[in-house]
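Participant: Attaching a predicted model along with its sequence, questions to come.
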Amino acid sequence: MLSGSRVLVVEDEALTAEEIRQLLIEAEGVPVGPVASLGEARRLLKEGTPVDAALLDVNLTDGQITPVLESLSARGVPTLVYTGGSLPEGVRERHPDLVALSKPVAPARLIGELRRLLNGTAVAH
């Protein structure tokens, strides 16, 4: 399914983060994290932690995910937003192809979207 792809998970709800981690493992992916804060995510990227894709919640305890999204975009890392809220203003304009799913999402859909992103066939939602 995800064939060993390293997926950065940024999610501040512990239960949701663990569910996503388990889901990635079951789909043969390698979870990076999960990390619960903007600061932790930025640190991982600054340290050069390799990631093939990212799954991001938008609203974290220490701010919105926008700086991490921008950093990932600059690196060409395919990113899936998975949020209970809405995208910050301007994000859709800067990232028209960004796939954004609203919580809750069926596990099969989440993995399917990640697989499409990794294969370069995702469609904007």
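Facilitator: Received, thanks.
Participant: quick one: the strands in the protein?
Facilitator: 6-10, 30-35, 53-56, 59-60, 63-64, 79-83, 99-102 (DSSP state E).
Participant: Hmm, residue 83 and residue 59 touching each other?
Facilitator: Yes: applying C-beta atoms under 8 Å as the test, residue 59 and residue 83 come out as touching, 6.9 Å apart. Bear in mind the C-beta positions are built from the backbone N, C-alpha and C, glycine included.
Participant: Which one's more surrounded, the two?
Facilitator: The residue with more neighbours, out of residue 59 and residue 83, is residue 83; 17 against 14, by other C-beta atoms under 10 Å.
Participant: so what pLDDT did that one get?
Facilitator: pLDDT recorded at residue 83 is 88.
Participant: residues in contact with it?
Facilitator: Taking C-beta atoms under 8 Å, 6 or more residues apart in numbering as the contact definition, residue 83 lies against 56, 57, 58, 59, 100, 101, 102, 103.
Participant: what residues are up against the residue at minimal distance from the centre of the chain?
Facilitator: For the chain, residue 55 is the residue whose C-alpha lies nearest the centre (C-alpha atoms, centre = their mean; 1.2 Å). Residue 55 makes contacts with 7, 8, 9, 10, 11, 20, 79, 80, 82, 110, 114, as judged by C-beta under 8 Å, 6+ apart.
Participant: With respect to residue 63, which of these is nearest?
Facilitator: residue 10 (11.5 Å; C-beta to C-beta).
Participant: Is it correct that that closest one is in contact with residue 41?
Facilitator: Yes: assessed by C-beta under 8 Å, residue 10 is found in contact with residue 41 at 4.7 Å.
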